[in-house]
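Q: the sequence and its predicted three-dimensional model are supplied below.
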Amino acid sequence: MNKNRIRLAIQKSGRLSYDSQNLLKSCGVKVNLQKSSLIAFAENMPIDVMLVRDDDIPGLIMDGVVELGIIGLNVLEEKRLTRLFSEETVSYAILQNLDFGICRLSLSVPFDMKYSGILCLKNSRIATSYPNLLKRYFDKKNIPFKPFVLNGSVEVAYNSGLSDAICDLVSTGATLEANGLREVETIYNSRACLISREEKYMIPEKRHFIKKLLNRIQGVIKARESKYIMLHIEKSKLNKVTDLLKGAERPTILELFGNPDKVALHMVSSEIIFWETMEQLKSLGASSILVLPIEKMME
C-alpha cells in the first residue's frame, strides 16, 4: 500500500452512503464504488475509499487505520462516549460539518400518552440504539430510567411491548407517526461531518492533500447554498435590491446599452431564493430576473 495515499472511510449502505459518494463525485474524485468491495481506489487522486459500517468509522479514525471519515455526528458522539467509559483512546478532529444527513435524536411517546414534561418518563423503559447519549441526557436532569438497547427497528419496540417510549433518529417524523408515536424531546441535533486523525499523526504530504480536498468540499457546499442572480433594475432602486439579496460579494453592475437609467445586476446570493423573493424583486421594478444554480465555487 502506498503510504502517501489517503484512506477515506464512508458508509457502505444506509442514510449517508449516497450523499457521501455524490460529494466525492462533486469534488472531482473519480472512483468506481461497488457495494461488494471493501475498498476502491480513486483514478485521479491519491485516495482509497473504504466502504464500511457507519459505527465502525469513528474507531477506524481514532485507531489510526484511516485518515478521513464521513460520519453522522450522532454516531461519532455515541462512539466517543463509549470509548471514554471504557478508557480507550479518543482522538479525532472535525474538519467540516456537511450539508446532508441532517436529523435529530429524539424521545418519542405513544399518541395517547399524557405527556407534560421529561419527568413523565421517570423509571420508564426506553428503547434506543444510542444508550450513552440517552443516559447523558437523563443524568443531566437527574431522572432515572431503564434503557433497552436495540440495533435498528427501534420504532417497533413500543408496539411489541418492549418499551414505554423510544429514543431514535428523526428526520420527517413519518415513521414515528406510522407506528403511533409522537416526538416530545430532542436529545441531540446531528448532521454528517468530515472527520480526520489529528494532524500531528500525519506526514506533510497527506496534510497538504487533505487541505486541498477540504477546500473542494467547502466549495461544493458553498455552491449548493448559493445562487447566481441576474436582473435589470433602475439605478435608483439598487440599494433596495441589494438589501433584499444577501450576497456573498458585492454585485457587478453594468450599464444597459441605450438606457442610462437602468443597469444589469449580477451577483452571487447566499440566501435561498424562493418565488416570494422573485416577486418582491418584480415589485421593485426588476425585469429579466434569472436565478441560476452554481455547479462549482471557490473563494
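A: That came through, no problem.
Q: which stretches in the stretch 151-299 of the chain count as helices?
A: 156-159, 174-178, 204-225, 238-244, 275-283 (DSSP state H, counting those that start in this stretch).
Q: helices or strands up against the last one?
A: This means helix 275-283. Contact analysis of helix 275-283 by 3 or more CB pairs under 8 Å, 6 or more residues apart in numbering; DSSP states H and E lists helix 238-244, strand 287-293 as its packing neighbours. Heads up, the C-betas are built off the backbone N, CA and C, glycines and all.
Q: so which of the ones you listed is nearest Val149?
A: Shortest distance between Val149 and the helices and strands packed on helix 275-283, using CB to CB, is found for strand 287-293: 43.4 Å.
Q: how about the contacts made by Val66?
A: 7-9, 50, 57, 60, 197 (CB atoms under 8 Å, 6 or more residues apart in numbering).
Q: which of the helices and strands packed on helix 275-283 sits closest to Phe111?
A: Among those, strand 287-293 comes nearest to Phe111, with 40.8 Å by CB to CB.
Q: give me the contact list for stretch 253-273.
A: Contact with stretch 253-273 is made by 225-236, 238, 241-242, 245-252, 277, 291, 294, 297, as judged by CB under 8 Å, 6+ apart.
Q: buried residues, the helix or strand bottoming out on mean pLDDT in the chain. List them.
A: The helix or strand of the chain with the poorest confidence is helix 156-159; it has a mean of 82 (mean pLDDT, DSSP states H and E). Across helix 156-159, burial judged by 16 or more other CB atoms under 10 Å covers 157-158.
Q: now do stretch 280-298
A: Buried-residue list, stretch 280-298, by 16+ other CB under 10 Å: 281, 286, 289, 291, 294, 297.
Q: any figure for the gap between the third one and Asp112?
A: Same thing as Ile289. To Asp112, Ile289 is 51 Å away according to CB to CB, to the nearest Å.
Q: just the first one next, same as before
A: For Leu281, the distance to Asp112 equals 49 Å [CB to CB].
Q: next: the last one.
A: When distance is defined by CB to CB, Met297 is 50 Å away from Asp112.
Q: can you lay out the helices and strands packed on helix 275-283 as CSV showing distance to Asp261 and mean pLDDT?
A: What follows is the helices and strands packed on helix 275-283, written out as CSV (distance: least, CB to CB, whole Å; pLDDT from 0 to 100):
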stretch, distance to Asp261, mean pLDDT
helix 238-244, 11, 87
strand 287-293, 13, 92
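Q: which one of those lies closest to Phe138?
A: Closest among those, once you apply CB to CB, is strand 287-293, at 44.4 Å.
Q: show me the protein divided up by domain.
A: Per automatic domain parsing, the structural domains of the chain span 6-100+192-223, 103-190, 226-293.
Q: what confidence value was assigned to Ile143?
A: The per-residue pLDDT reported for Ile143 equals 96.
Q: returning to what we had before: and the contacts of Val66, which is closest to Leu38?
A: Closest to Leu38, out of all of the contacts of Val66 and judged by CB to CB, is Met50, at 6.4 Å.
Q: count the neighbours of that closest one for me.
A: Met50: 20 surrounding residues under other CB atoms under 10 Å.
Q: go on, the one 5 residues further on?
A: Asp55 is surrounded by 17 other residues when neighbours are defined as other CB under 10 Å.
Q: on the three-state scheme, the closest residue to it other than its chain neighbours is what?
A: Leaving aside its chain neighbours, Asp55 sits nearest to Val75 (5.6 Å; criterion: CB to CB, 6 or more residues apart in numbering). Put simply, Val75 is helix when judged by DSSP: H, G, I helix; E, B strand; the rest coil.
Q: how many other residues sit next to Val75?
A: Residues lying near Val75 (other CB under 10 Å) number 24.
Q: ok, now which ones touch it?
A: Val75 neighbours (CB under 8 Å, 6+ apart): 54-55, 57-58.
Q: now with 7 Å, please.
A: Contacts for Val75 (CB atoms under 7 Å, 6 or more residues apart in numbering) come out as 54-55, 58.
Q: what's the spacing between it and Ala9?
A: Applying CB to CB to Val75 and Ala9 gives a distance of 12 Å.
Q: any stretches of the stretch 51-200 of the chain with poor pLDDT?
A: The model of the stretch 51-200 of the chain has no residue with pLDDT under 70.
Q: and the residue lying closest to Glu155 once chain neighbours are set aside, backbone torsions?
A: Leaving aside its chain neighbours, Glu155 sits nearest to Asn179 (4.4 Å; criterion: CB to CB, 6+ apart). Per-residue torsions, Asn179: phi -100, psi 20 (degrees, to the nearest 10).
Q: ok, Phe148 next?
A: The phi/psi pair for Phe148 (degrees, to the nearest 10) is phi -130, psi 110.
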